[in-house]
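J.: Dropping the sequence and predicted coords here.
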Amino acid sequence: MTRTNVDDPSMPFGLLLSIATSFWLPIPPRRVFGFLCDNNTRKEWDMLLNGDVTEMTHIASGKEQFNRVTLYHVKGSESSSSQMIMLQESRSDPTASYIVYAPIHEGCANAVLGGDDPSHVPLLPSGFAILPDGPIGRGLGTGMAHQADTGGSLLTIALQVLVDSTPNASLSMGSVSEAHKVLWSTVDKIKQALIPRS
């Protein structure tokens with residue numbers, strides 16, 4: 001799906017491409033959620049990450065460890081002088097979990113932290129939704145908490161990318177191909193990291 005943004009300052013101006021897929025993992029939802037939230041394992045799945053990720057701060061939004069909004073500092077590769085902040089919200093309960101993240105230029109993040117209007121910071125969020133692969137049971141040992149620790153997961157990945165910052169740009173097959181490459185590489189990396197090899 002594509003969209004051309006010419007007037008909404010809350011997202012980048014230009015041609016935007018959204019791409020998504022869902023797949024099954026034979027891994028309990030809580031383990032998938034923990035893996036995707038952990039900044040120490042982010043390099044294992046985030047194909048666009050070129051440096052180290054360190055947590056700057058977080059605000060808890062529940063009792064669970066990863067139910068929070070977090071700011072990460074992304075250190076670029078040695079050849080890159082650009083600095084990026086990653087804003088991430090993660091939330092989990094036994095029925096579903098999500099992780100939504102968006103890169104923000106460090107200057108924009110500092111302006112908002114200094115009191116500027118956040119509605120003018122362009123965000124292009126991507127993320128994950130994690131669902132249990134079966135119904136939540138009602139008997140002893142099959143309640144909601146048990147479901148998050150057993151069974152498999154249905155994982156949906158949605159990515160958004162800025163294809164071109166000019167408002168009259170058209171979508172090329174090369175852009176679509178590159179977005180598919182990023183999406184399927186992410187799927188493969190998650191599977192390789194989580195599914196035990198026999």
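T.: Received the coordinates, thanks. Here the structure is a predicted model, which means the values were calculated and not measured. Residues are numbered from 1 along each chain as shown.
J.: Can you find the helix or strand in this structure with the smallest mean pLDDT?
T.: Among the helices and strands of the chain, helix 144-149 carries the lowest confidence by mean pLDDT, DSSP states H and E, at a mean of 53.
J.: And the contacts of the helix or strand following it?
T.: Downstream of helix 144-149, the first helix or strand assigned by DSSP states H and E is strand 153-164. With contacts defined as CB atoms under 8 Å, 6 or more residues apart in numbering, strand 153-164 is touched by 2, 12, 14-25, 27-29, 32, 124-133, 169, 171-172, 175, 179, 182-183, 186-187, 190. Every residue, glycine included, has its C-beta placed from N, CA and C.
J.: helix, strand or coil for the residue most central in space within the chain?
T.: Centroid-nearest residue in the chain, with CA atoms, centre = their mean: Gly127, separated by 3.0 Å. Using DSSP: H, G, I helix; E, B strand; the rest coil, the secondary structure recorded for Gly127 is strand.
J.: OK, contacts around it?
T.: Counting by CB under 8 Å, 6+ apart, the residues that Gly127 touches are 98-101, 157-158.
J.: tell me which strands and helices the top helix by length along the chain is in contact with?
T.: Looking across the chain with DSSP state H, the single longest helix is helix 173-194. Helix 173-194 sits against strand 14-25, helix 29-37, strand 153-164, with contacts defined as 3 or more CB pairs under 8 Å, 6 or more residues apart in numbering; DSSP states H and E.
J.: now that helix: mean pLDDT?
T.: Helix 173-194 carries an average pLDDT of 92.
J.: Which positions within that helix qualify as buried?
T.: Using 16 or more other CB atoms under 10 Å as the test for burial, helix 173-194 gives 175, 179, 182-183, 186-187, 190, 194.
J.: got the CA positions of it in CSV?
T.: The C-alpha coordinates for helix 173-194 follow below in CSV (Å, rounded to 0.1, in the frame of the first residue of the first chain):
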residue,chain,number,x,y,z
MET,A,173,9.5,-1.9,-8.8
GLY,A,174,13.0,-1.5,-7.3
SER,A,175,11.5,0.2,-4.2
VAL,A,176,8.9,-2.6,-3.8
SER,A,177,11.5,-5.2,-4.3
GLU,A,178,13.8,-3.6,-1.6
ALA,A,179,10.9,-3.4,0.8
HIS,A,180,10.0,-7.1,0.3
LYS,A,181,13.7,-8.0,0.8
VAL,A,182,13.7,-6.2,4.2
LEU,A,183,10.4,-7.8,5.2
TRP,A,184,11.4,-11.3,4.3
SER,A,185,14.9,-10.9,5.7
THR,A,186,13.3,-9.9,9.0
VAL,A,187,11.0,-12.9,8.9
ASP,A,188,14.0,-15.2,8.2
LYS,A,189,16.1,-13.7,11.0
ILE,A,190,13.3,-14.1,13.6
LYS,A,191,12.7,-17.7,12.6
GLN,A,192,16.5,-18.5,12.7
ALA,A,193,16.8,-16.9,16.2
LEU,A,194,13.7,-18.5,17.7
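J.: Thank you, goodbye.
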